[in-house]
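# Turn this into a structure:
(2 chains)
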Amino acid sequence: MKAEAVCEGIAGAPARDLQIAAAARRGETAAFRELYDAYRDRIWSLVLYSVGDPLQAQDVLQTIFLKAYRGLPGFRGESGLFTWLYRIARNECRNSLRRRPAPHMSLDAILGSRDEIEPAGAADAAETSRLLLRDAVSRLPAKMREVLVLRYVEGLSYDEISRTLGCAPGTVASRLNRALAELGDRLRPLRRAL
Amino acid sequence: MRRHARLRRMFAPYLEGGLPPKEARRVEDHVHSCESCRDELARMGEGLRFARKLARPGSGDAIRPPAFTAPGEEPASLRPPRGGRLRFPASERWDRLTSPATIQTAMALVLIAAAFLAVTGRRSSLGERAARLAKSSGLDVSDYQPTRIPDLPANTRPYIATEGYVREVYLDPVERTLHFKLVEAAHGIGPFVICEILSPAGMAVPSEGSRIRVYGVARFDAQPGRQWYEVNPVLDFLVLKR
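Take a look at the predicted model:
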């Protein structure tokens, strides 16, 4: 299912995508469940790496799938379902970031929490690394972040990224270059910790 | 300059080891003689080292995407005003509203309401409302601190009266409580408070989109994943606009 959707041709959506969309349009819950189960984790990657905050990410994910549910009658199969969903997700992530209130800093962050003083265990260290990486990615400009997540989290090829984002492969390559260089610059001070 | 750009597009595939040997050699020859491209490649190499550690958010994460719950289904143990499951808006929740549990609750509600009207023979007046509030909290309507939703964080009084629009009404099948979100603005995003009716069978259900004034106890729910203000319990409410 996933492989099918990712490998969609320029001509349009795989047959299974069209079947799912048609069934979901008829109100068959099982079809929408299949769509949700097939794409939830991949859309979740995009959302979490975009908005950073897992709670906000849950809200955004929910909005994306509700919009998808409502928008299915308009799905014409010109692209695969993943590409279609991904575009909804991109827009929703951007809307969410625009609506986000000004960042606040917790007292712990200002004064230094106990965890920063006490040596962390191995599990804590792994979790910290993951959060630092995710934070650095979420601070990248949206266009760079998208290609980075699609390439290194989702493992899409350059051509697949190009189709998903609707831009030329050369654009994908140059965005990826900038994303990697930027990520390297941002995380270089932490290279010993990561 | 154009040559730089063309070669730089090959940097990421080069670093990933995905270039054919001939192309890889071209990149190497170029960076050998071009300092700015050499620097760029080094920055990207550093970035790639981190990028390869990126992973799809997985089971190690405390917060996961919600599981799909079809209209009418209820997960085994959730109290999910935010997150816990994929929820449908009012228009798509018809199936859930017609589930056996909801129908039973609604029938109980109707029976109780009918019995109440039969006894009193008239609709509840403000005086009766005040009396009911006095009975449930020992206070009169005037003792409830009028508080706007955005002002809740500054409020220090436990008993409040606050107004807003009703959104996302749902019944918690586990706790058998009724929840709804009361929002300041009729449309769009804005401050909200979660309201909880402990005995849904004993109180009318506010309809989504209506504007109501809620009387109840103000609390801050500090549980991880929530961190919001609540009116819990709602002792009574008054419909201002249907």
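# Quick check: buried residues in the top helix by length along chain A?
Ranked by residue count and defined by DSSP state H, the top helix of chain A is helix A:29-51. Residues of helix A:29-51 classed as buried under the neighbour-count rule (16 or more other Cβ atoms under 10 Å in any protein chain shown) are A:29, A:31-36, A:38-40, A:42-51. All C-beta spots, glycine's among them, are computed from the backbone N, C-alpha and C.
# next one: stretch A:175-188
For stretch A:175-188, by 16+ other Cβ under 10 Å, it's A:175-184, A:186-187.
# what's the farthest-apart pair in the residues you listed?
A:Arg175 and A:Leu187 (18.2 Å; Cβ to Cβ).
# near chain B, anything from the helix or strand that the longest helix of chain A is followed by?
Per DSSP states H and E, helix A:29-51 leads on to helix A:54-71 as the next helix or strand towards the C-terminus. Yes - using Cβ under 8 Å from any Cβ of the partner chain, helix A:54-71 reaches chain B at A:54-55, A:57-59, A:61-62, A:65-66, A:69.
# Next, B:Ile212: secondary structure please.
Following DSSP: H, G, I helix; E, B strand; the rest coil, we place B:Ile212 in the strand state.
# Could you report the pLDDT at it?
As predicted, B:Ile212 sits at a pLDDT of 91.
# what's the spacing between B:Met190 and B:Arg167?
To be clear, residue B:190 is Gly; Met isn't right here. Distance from B:Gly190 to B:Arg167, counting by Cβ to Cβ, to the nearest Å: 11 Å.
# What of B:Cys195?
10 Å.
# between these two, what contacts are shared?
Residues touching both B:Cys195 and B:Arg167 by Cβ atoms under 8 Å, 6 or more residues apart in numbering or on different chains: B:180-182.
# Which ones among those residues lie within strands?
B:180-182 (DSSP state E).
# Secondary structure class of the spatially closest residue to A:Arg40 that is not a sequence neighbour, three-state.
Nearest non-adjacent residue to A:Arg40, counting by Cβ to Cβ, 6 or more residues apart in numbering or on different chains: B:Pro65, 5.2 Å away. The three-state assignment at B:Pro65 reads coil, by three-state DSSP.
# and B:Pro65, how many residues sit next to it?
Counted with other Cβ atoms under 10 Å in any protein chain shown, residues neighbouring B:Pro65 total 23.
# pLDDT score assigned to it?
73.
# same check, this time on B:Glu73
Per the predicted model, pLDDT is 56 at B:Glu73.
# Ok, B:Leu41 next?
Per-residue pLDDT puts B:Leu41 at 92.
# what number of residues lie near it?
Around B:Leu41 there are 24 residues (other Cβ under 10 Å).
# by contact count, what packs against the helix or strand encompassing it?
Secondary structure assignment for B:Leu41, by DSSP H and E: helix B:35-51. With contacts taken as 3 or more Cβ pairs under 8 Å, 6 or more residues apart in numbering or on different chains; DSSP states H and E, helix B:35-51 sits against helix A:169-187, helix B:2-8, helix B:11-16, helix B:21-33.
# quick one, domains of chain A?
A:1-102, A:123-188 (automatic domain parsing).
# Tabulate the ones you listed (a markdown table), appending distance to B:Pro150 and mean pLDDT.
Putting the domains of chain A into a markdown table (distance: least, Cβ to Cβ, whole Å; pLDDT from 0 to 100) gives the following:
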| stretch | distance to B:Pro150 | mean pLDDT |
| --- | --- | --- |
| domain A:1-102 | 13 | 78 |
| domain A:123-188 | 28 | 86 |
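# I'd like those domains written out as CSV, with distance to B:Ile160 added.
As requested, the domains of chain A are exported to CSV (distance: least, Cβ to Cβ, whole Å):
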stretch, distance to B:Ile160
domain A:1-102, 24
domain A:123-188, 37
